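> Predicted model and sequence follow; I will ask about them next.
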Amino acid sequence: MKVFKVKSRRERERIERRVLKNRKVVAVVNDVRDLNSDFVKRADVVVVDESFGREGFSTPN
């Protein structure tokens, strides 16, 4: 499993385009603590998106 940590939406989209060419299973998580879930463990590539909540998204309370 490869884990990419991104800080912007543009970075995340670039990584997604690059890995989707090879038809990999991609999981996008908002926090490093989510890496232990079963779904994420099955993914070939995991993107930790730190931009969640900063670029117009609303964060849950």
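Sure, I can see it.

> which residues in this protein form strands?
With DSSP state E as the definition, the chain shows strands at residue ranges 2-6, 26-29, 45-49.

> Could you look over these and pick the most buried one?
Counting by mean count of other Cβ atoms under 10 Å, strand 45-49 has the highest mean neighbour count of the strands of the chain, with a mean of 20. Every residue, glycine included, has its C-beta placed from N, CA and C.

> quick one: strands adjacent to that one?
If you go by DSSP bridges, strand 45-49 pairs up with strand 2-6 (parallel), strand 26-29 (parallel).

> Which elements pack onto the longest helix along the chain?
Counting residues, the longest helix in the chain under DSSP state H turns out to be helix 9-20. Helix 9-20 sits against strand 2-6, strand 26-29, strand 45-49, with contacts defined as 3 or more Cβ pairs under 8 Å, 6 or more residues apart in numbering; DSSP states H and E.

> Quick one: low-confidence residue ranges for the protein.
Applying pLDDT under 70 to the chain picks out residues 1, 4, 23, 52-61.

> now with 80?
1-7, 15-16, 19-61 (pLDDT under 80).
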